[in-house]
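Asker: output the structure for:
(2 chains)
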2 protein chains.
Amino acid sequence: MIKDLAAREDGTVRVSGWVEKVRDQRYVQFVVLRDETGAVQLVNGGVLREPDPENPRSDILVPRTRTISELTHGTFVTVTGELQHNERVKLGGVEIQIEEIEVVAASLPDNPVADDSGIDVRLDWRFLDLRRPEQNLVFRVQTTFLHALRQVWIDHGFIEVQTPKLMASASESRAELFTVEYFEGQAFLAQSPQFFKQMAQAAGFGGIFEVGPAFRADPSFTSRHATEFTSVDCEFSWVDSHEDVMELHEELIVAGITAVKEKHGAEIEKLFGIELEIPSRPFPRIPLAEAKEIVKERGYEVPRADADMDPEGERQIAAYVKEKFGHDFVFLTDYAWSIRPFYHMRHAEDQSLTKSYDLIYNGTEISTGAQREHRIEILEQQAKEKGLDPEELGFYLDFFRYGVPPHGGFGMGLNRVLMLMLKQSSIREVTYLFRGPNRLLP
Amino acid sequence: MIKDLAAREDGTVRVSGWVEKVRDQRYVQFVVLRDETGAVQLVNGGVLREPDPENPRSDILVPRTRTISELTHGTFVTVTGELQHNERVKLGGVEIQIEEIEVVAASLPDNPVADDSGIDVRLDWRFLDLRRPEQNLVFRVQTTFLHALRQVWIDHGFIEVQTPKLMASASESRAELFTVEYFEGQAFLAQSPQFFKQMAQAAGFGGIFEVGPAFRADPSFTSRHATEFTSVDCEFSWVDSHEDVMELHEELIVAGITAVKEKHGAEIEKLFGIELEIPSRPFPRIPLAEAKEIVKERGYEVPRADADMDPEGERQIAAYVKEKFGHDFVFLTDYAWSIRPFYHMRHAEDQSLTKSYDLIYNGTEISTGAQREHRIEILEQQAKEKGLDPEELGFYLDFFRYGVPPHGGFGMGLNRVLMLMLKQSSIREVTYLFRGPNRLLP
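Answerer: Next comes the predicted model:
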């Protein structure tokens, strides 16, 4: 691995990777070779372009020189050579004097992605785009973040579940549902694991978590929406209120960012110019109605007929929290019942508000959480109030007829978290293969 | 948590869970209370069925007695009481003298699942079925198994990816593909992440892993098939042959079973009567042609026109391996090119064989692995030989035009591994919510 070279002593080494750059000078050739761990400079000091009977190594030097001259960007090679530490080499302080170079898989000479290519061209050639060190880092950060979250859940005794993505009926909203031809009938793709993770509470699983795909037939083209995205979900029993959910949520976020900073902090600073901050606990909590007042005092009136926030309002309240508390996160709490799904629990003392929250990170919503309504009579009543078809919800309501403890949880968009952590302009940049209304390829 | 009670000193405790059993005797009431960690016996020694003016505690005892009498199976309660260690209590050596019992969520009195209910009834009421301690253990075992695998991958520097499940065209076989209505057009559900995990090799990711859903429109009703299942996938660069893939595969399996045995071994023995064995490395490897000879010598001729094994052949070869090497696993290697997908690499010295394997566990196939063909000219040729449409494969073949290092990997059915590890009769028993041609609910 290239990252291990700097720590090695001078001597013969063998490295593999792809060609990032070739400088073919008259008397010396340089190749920058990259693998998933870093880049290193290769040097051919024995440039010989035409056979020379005077030179006893002519038979070796000429083919080597020609091979290097013909190397195309992206070609995978294996190189044997002498590792030399050299402080003047900017790239890691080492270089390799090439002895043997083998082309393992040649690349076409054209490079369809240029440095100034737009996002659509880059997504067309995503596998080339992902070779950039910044893109590689995104997915190593994601790996570390998820592993840290799972460790927290496992330390709490939570169970990992894989809920089905094929459903017989609508999950939350019929509007944005994908339909699947299912043998003689049809099925739907799950928009969230909501119902199935609540089922685990009826099953006495206690705490559960899932990281998996979710599907929304949402025709919008914003920087925050996709038709398929990775949902980070958890749900657990015996909560007293949504406060318990927020506490676990904070713990997870802090563990995730801490692990990322420890493992990738220096690289993130180098490649993205961002110094990651470990958020302090507790995260600020502001009831939504109050947040709207604060935003209004700052001169922004949310232009919505309902009680909800809008994206600009989220940015404004985040700016306020950053100024006032120096915090990147804020829980907006106690959303109005009128704008929440039927399964959110309402406050006993104020039926117009729910025991719910949204989590805002650097000005954008990344998650919705709540205590769920577990009392079947009230849950049925709430479904009716929202105009839902009890027939279609039958299988879900059944979960509650045989006893379910009080419980709560949240769903969080993984791609949004990554986008906001690394200050990227769109989830397209941090999704392995983005899916939108116009994009199903590659 | 109920599992923590035995280690506690006598004194006041508060526990929550669901009612598993009530014995309502004349002078004493017993309740078995369960949570996700275990079960405990609750005792009400102060049985008083009718108000008694002589008894100063009558106002407390009568409602308590009645509450317990009316408890239905599955009702969730919270109990405060005195913990007492008592060796005569079979259930964990402790009991709780009830002081206060609160019904949190009552269950309907009927129990739609009886002890002798068939699998279909149990799946109809999966959330009740999952309350059984055996079922709960299955998913805790799965959690531990997956976490151990991920730890191995992360220790090797592998990256976790989430590949899209929505595709523009077929992945491997058009025959078993689910179609999705996708805005004005259509999409397909991924049958495996094969193409996308290979893309990570073109992207220079090195090693990657994914645990996610896969979909097959397979109308069969065997104990091993589902229309949606959890696929455990990994793929990595710079392999010399399928042997490198088998080595990592072994390492993962051993790490997974070791972690499961350490954390749940005693419980697995108690609930399933199975003493888990940590498999020794290397696992036996037998070329498929040789395996068919061995099976034939045992008196079983595989009734197939092609070069493949069949389920009975797999059982036979597993029995042979168990007798001869005392091993639960066997790699069958070097499958004929005629029965492998177009992207498997062939042996240079024998083009009729592939550098591939199946992994058999306790007599059933759980996984297929291989070195992949990374040389574009050969790959295109192989696709043509298999009669595939190069148009439809275009996006995939593009991955190879800009250089891809030699690589290999495997896909493994998580539910099958669990089924075979815990010696269950069907993947239905070890899938959170099974999906088959006739089953989309709950």
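
Asker: contact partners for A:Val321?
Answerer: Residues counted as contacts of A:Val321 (Cβ atoms under 8 Å, 6 or more residues apart in numbering or on different chains) are A:Pro284, A:Ile286, A:His327, A:Phe329, A:Val330, A:Ile360. In short, each C-beta sits where N, CA and C put it, glycine included.

Asker: what does A:Gly212 give?
Answerer: Taking Cβ under 8 Å, 6+ apart, we find A:Gly212 in contact with A:Gln162, A:Thr163, A:Lys165, A:Pro193, A:Thr230, A:Ser231, A:Asp233, B:Gly212, B:Pro213.

Asker: and it, backbone torsions?
Answerer: Per-residue torsions, A:Gly212: phi -160, psi 180 (degrees, to the nearest 10).

Asker: what about it, distance to A:His407?
Answerer: 20 Å (Cβ to Cβ, to the nearest Å).

Asker: mind checking pLDDT for the residue lying closest to A:Arg401 once chain neighbours are set aside?
Answerer: Nearest-residue entry for A:Arg401: B:Leu108, 5.1 Å, with adjacent residues in sequence omitted and distances by Cβ to Cβ, 6 or more residues apart in numbering or on different chains. In the predicted model, B:Leu108 carries a pLDDT score of 94.

Asker: again, but for A:Ser171
Answerer: Per-residue pLDDT puts A:Ser171 at 59.

Asker: export the contacts of A:Gly212 to CSV and tack on secondary structure?
Answerer: Formatted as CSV, the contacts of A:Gly212 follow (DSSP: H, G, I helix; E, B strand; the rest coil):
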residue, secondary structure
A:Gln162, coil
A:Thr163, coil
A:Lys165, coil
A:Pro193, coil
A:Thr230, strand
A:Ser231, strand
A:Asp233, strand
B:Gly212, strand
B:Pro213, strand
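
Asker: may I see the residues you listed arranged in JSON lines, with distance to B:Tyr432 and pLDDT as well?
Answerer: Below are the contacts of A:Gly212 laid out as JSON lines (distance: Cβ to Cβ, whole Å; pLDDT from 0 to 100):
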{"residue": "A:Gln162", "distance to B:Tyr432": "6", "pLDDT": "98"}
{"residue": "A:Thr163", "distance to B:Tyr432": "6", "pLDDT": "98"}
{"residue": "A:Lys165", "distance to B:Tyr432": "12", "pLDDT": "98"}
{"residue": "A:Pro193", "distance to B:Tyr432": "10", "pLDDT": "96"}
{"residue": "A:Thr230", "distance to B:Tyr432": "18", "pLDDT": "98"}
{"residue": "A:Ser231", "distance to B:Tyr432": "16", "pLDDT": "98"}
{"residue": "A:Asp233", "distance to B:Tyr432": "13", "pLDDT": "98"}
{"residue": "B:Gly212", "distance to B:Tyr432": "14", "pLDDT": "98"}
{"residue": "B:Pro213", "distance to B:Tyr432": "11", "pLDDT": "98"}
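
Asker: got the contact list for the residue nearest to A:Arg401?
Answerer: So B:Leu108 contacts A:Arg401, A:Tyr402, B:Thr72 (Cβ under 8 Å, 6+ apart).

Asker: swap in A:Glu235?
Answerer: By Cβ under 8 Å, 6+ apart, the neighbours of A:Glu235 are A:Lys197, A:Gln198, A:Ala200, A:Gln201, A:Gly207, A:Ile208, A:Arg372, A:His407, A:Gly408, A:Gly409.

Asker: report the distance from stretch A:137-145 to the chain centre.
Answerer: Relative to the centre of its chain, stretch A:137-145 is centred 8 Å away, using Cα atoms, centre = their mean, to the nearest Å.

Asker: repeat for stretch A:229-240
Answerer: The chain centre lies 18 Å from the centre of stretch A:229-240; the measure is Cα atoms, centre = their mean.

Asker: do stretch A:91-104 as well
Answerer: With Cα atoms, centre = their mean, you get 34 Å for stretch A:91-104.

Asker: quick one: the helices in the stretch 151-300 of chain A?
Answerer: A:194-202, A:242-272, A:288-297 (DSSP state H, counting those that start in this stretch).

Asker: and of those, who's closest to chain B?
Answerer: Chain B lies closest to helix A:194-202 among the helices of the stretch 151-300 of chain A, at 4.2 Å (Cβ to the nearest Cβ).

Asker: up against chain B, what does the stretch 1-150 of chain A have?
Answerer: Proximity of the stretch 1-150 of chain A to chain B (Cβ under 8 Å from any Cβ of the partner chain) is limited to residues A:1, A:16-18, A:34-37, A:72, A:74-76, A:104-108, A:111, A:125-128, A:130-131, A:135-136, A:139-140, A:142-144, A:146-147, A:150.

Asker: just the buried subset of these, please.
Answerer: Among the residues of the stretch 1-150 of chain A next to chain B, those scoring as buried are A:16-18, A:34-37, A:72, A:74-76, A:104-107, A:125-128, A:130-131, A:135-136, A:139-140, A:142-144, A:146-147, A:150 (criterion: 16 or more other Cβ atoms under 10 Å in any protein chain shown).

Asker: from B:Gln201, how far out is A:Arg14?
Answerer: Taking Cβ to Cβ as the measure, A:Arg14 falls 19 Å from B:Gln201.

Asker: before we move on, what about A:Phe188?
Answerer: 34 Å.

Asker: which element is the residue lying farthest from the centre of chain A on?
Answerer: Distance from the centre of chain A peaks at A:Glu54, with 59.2 Å (Cα atoms, centre = their mean). In the assignment (DSSP states H and E), A:Glu54 maps to no helix and no strand.

Asker: most neighbours among the contacts of A:Val321, which one?
Answerer: A:Ile360 (27 neighbours; other Cβ atoms under 10 Å in any protein chain shown).

Asker: that residue should be in a strand, yeah?
Answerer: Yes: checked against three-state DSSP, A:Ile360 lies within a strand.

Asker: can you tell me how far it is from A:Gly326?
Answerer: Applying Cβ to Cβ to A:Ile360 and A:Gly326 gives a distance of 15 Å.

Asker: A:Asp124 now?
Answerer: For A:Asp124, the distance to A:Gly326 equals 41 Å [Cβ to Cβ].

Asker: if you count surrounding residues, which of the two has more?
Answerer: A:Asp124 (18 against 11).

Asker: isn't that one right up against A:Gly118?
Answerer: No: contact criterion Cβ atoms under 8 Å: A:Asp124 and A:Gly118 do not qualify, at 10.0 Å.

Asker: just name the most buried of the helices of the stretch 151-300 of chain A.
Answerer: With neighbours taken as mean count of other Cβ atoms under 10 Å in any protein chain shown, those reach their highest mean count in helix A:194-202, at a mean of 26.
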